[in-house]
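In: Got a predicted model here, sequence first, then my questions.
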Amino acid sequence: MADEKKDTKAAKKEPKRSVKKAAKAAAKKATKKSAAKTATKKESAPKASAKKAEGKAPAKKVKTPQKKAAPAPPTAPPVVRASARYVRIAPRKARLIADQVRGLHIEKARALLQFSPRGAAQDIHKLIDSAAANAENNHDLIADEMRVSSITVDEGPTLKRYRPRALGRATPIHKRTSHIAVALTPVEDRD
């Protein structure tokens, strides 16, 4: 009886082993086939993606006539800049002088500023001289052949002070500052 039980157990185990072996063998074959399929897909995948990128059919290259190089546009004259920031003068007062020299030849502007009674004239005169020096040293231009192409006066920060008044009161004093910017351009003929 004991022998029969062992045989039946062995018989039961054997088919299980053979089923397991068969399953393993089938799995190996399947993996080999899938690996072969993926390898062929990988080889064909770049072609497919290239076709997708190009569209349905590759476009033919059309020869376009080459255009001749257009002549270069005339270069703009160099602009020489100088600026003075935090100048202790009210922008409203400085703009009166700036409006007088805007567009003038540099020698005319210097003459006008030299004899102007306004206080802002001295600061703007120094700034125009600085811009002329920049033209000579940085751009190799002749300072006496320049004109004031633009001059702007912007408002800077305001210094707030107080003045004592009667009966213990105080009144505010606003000391305004200006940012002045000058741009010079060369002139072929004098005004």
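Out: It's in. Numbers count the residues shown, from 1 in each chain.

In: Nearest residue to Ile124 in space, ignoring adjacent ones along the chain?
Out: Nearest residue to Ile124 in three dimensions, chain neighbours excluded: Ile97, at 5.3 Å (C-beta to C-beta, 6 or more residues apart in numbering). (Glycine included, C-beta is placed from N, CA and C.)

In: next one: Val87
Out: According to C-beta to C-beta, 6+ apart, the nearest residue to Val87 is Ser178 (4.7 Å).

In: per-residue pLDDT, the residue nearest to Ile124?
Out: Ile97 carries a pLDDT value of 97.

In: Over to it: give its phi and psi.
Out: Dihedral pair for Ile97: phi -80, psi -40, per degrees, to the nearest 10.

In: Report the contact partners of it.
Out: Leu113, Ser116, Arg118, Ala120, Ala121, Ile124 (C-beta atoms under 8 Å, 6 or more residues apart in numbering).

In: Can you lay out those residues as TSV showing distance to Ala131, secondary structure and pLDDT?
Out: Compiled in TSV, these are given as follows (distance: C-beta to C-beta, whole Å; DSSP: H, G, I helix; E, B strand; the rest coil; pLDDT from 0 to 100):
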residue	distance to Ala131	secondary structure	pLDDT
Leu113	13	helix	97
Ser116	18	coil	97
Arg118	20	coil	96
Ala120	16	helix	96
Ala121	16	helix	97
Ile124	10	helix	97
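
In: from those, which would you call buried?
Out: Leu113, Ser116, Ala120, Ala121, Ile124 (16 or more other C-beta atoms under 10 Å).

In: What mean pLDDT does stretch 130-141 get?
Out: Mean predicted lDDT for stretch 130-141 stands at 94.

In: circling back: might you report the residue contacts of the residue nearest to Val87?
Out: Ser178 sits in contact with Tyr86, Val87, Ile89, Ala90, Pro91, Ala94, Val153, Asp154, Glu155, Gly156, where contact means C-beta under 8 Å, 6+ apart.
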